[in-house]
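*Asks:* I'd like to go over a predicted model; first the sequence, then the structure.
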Amino acid sequence: MTKDELIPKLKTIIAPYIQDEEAFKNLTEETDFVNDLKINSANLVDIILDIEDEFDIRLENEDMEKMLDVKSAMDIINAKLER
Amino acid sequence: MNKSQIITYLPYQKPFLFVDGIDSVSENEITGHYTFKTNEFFYQGHFKNNPVTPGVILTECMAQIGLVCFGIYLLKEELNNFSSPKIALTSHQMDFYLPVLPNEKVTVISEKDVFRFNKLKCKVRMMNEKGELICRGFISGMAQILAKAEIS
């Protein structure tokens, strides 16, 4: 999936969990979930579960550990979708 | 891990321990009980001359039995090798139907909804001795398991 397809889908998923509206409005590939959007660890789990449902994939602990920003999330989703 | 061992792992003590015992536990569900003593500290103020158990305390009782006791059971493998986990309540949604007065025994039944990445979300309900529904809702919490060496 291309960046232009994925970013809107990701934005919809993470919108309910962000604390920093400004960072969310200016979201780019480099946006960090914890440092920029101020998402807490419990909500990161919610995002992982929502991503699994949206893309019909299964994420593991190591995926969760790598999923720190928008870019890594897109890479992991695409890698899973290609399998 | 047996039912009485679960209690020994709880990180609470009086006056904020709201678990008397676990009745049953499995990978999918836990049932436990607590009797609100007449001398609980919050009855002094809630309400003036009219002791009624606060909803936040009912929620706490449900979280201690339905989420923390249950979580300890579900994490039993990790807990054998590691020290007690750091835990946090992360969200809850609760509806209340009946008041709980001093000396009432309540039973909490909690069903696992999601348990992934150390986050536990449960559908929890509290019943009185007549089998009537006191409150019900969803509670979520997180556990962070630290190895013994990491705790100074």
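*Replies:* Done, it's in.
*Asks:* All the helices of chain B, residue numbers only.
*Replies:* In chain B, the segments counted as helices under DSSP state H are B:3-9, B:55-63, B:70-74, B:76-81.
*Asks:* Report the central residue of the chain.
*Replies:* No chain specified, so I'll use chain A. residue A:73 (4.8 Å; Cα atoms, centre = their mean).
*Asks:* try again with chain B
*Replies:* The centroid of chain B falls nearest to residue B:64 when counting by Cα atoms, centre = their mean (1.8 Å).
*Asks:* pLDDT score for that residue?
*Replies:* pLDDT, residue B:64: 98.
*Asks:* Distance check, it against chain A.
*Replies:* Applying Cβ to the nearest Cβ, to the nearest Å, the value for residue B:64 to chain A is 18 Å. All C-beta atoms are positioned from the backbone trio N, CA, C, and that covers glycine.
*Asks:* helices and strands of chain A: which one bottoms out on pLDDT?
*Replies:* helix A:61-66 (a mean of 92; mean pLDDT, DSSP states H and E).
*Asks:* and that one, which residues are buried?
*Replies:* By 16 or more other Cβ atoms under 10 Å in any protein chain shown, the buried positions in helix A:61-66 come out as A:63, A:64.
*Asks:* Tell me which residues are up against the helix or strand that comes right after it.
*Replies:* Counting by DSSP states H and E, the next helix or strand C-terminal to helix A:61-66 is helix A:70-82. Residues from elsewhere that reach helix A:70-82 (Cβ atoms under 8 Å, 6 or more residues apart in numbering or on different chains): A:1, A:3, A:6-7, A:10, A:27-31, A:33, A:51, A:55, A:57-59, A:63, A:66-67.
*Asks:* if we can go back for a sec, the residue nearest to the centre of chain B reaches residue B:9, doesn't it?
*Replies:* No: using Cβ atoms under 8 Å, residue B:64 makes no contact with residue B:9, being 11.7 Å away.
*Asks:* burial measure for the residue of chain B found nearest chain A, as a count.
*Replies:* Closest to chain A within chain B is residue B:90: 3.6 Å, counting by Cβ to the nearest Cβ. Using other Cβ atoms under 10 Å in any protein chain shown, residue B:90 has 19 other residues around it.
*Asks:* Quick one: buried ones out of the contacts of helix A:70-82?
*Replies:* Buried subset of the contacts of helix A:70-82 (neighbour count, 16+ other Cβ under 10 Å): A:6, A:7, A:10, A:27, A:31, A:33, A:51, A:55, A:59, A:63, A:67.
*Asks:* Show me those residues that map onto helices.
*Replies:* Checked against DSSP H, the buried ones among the contacts of helix A:70-82 include these in helices: A:6, A:7, A:10, A:51, A:55, A:63.
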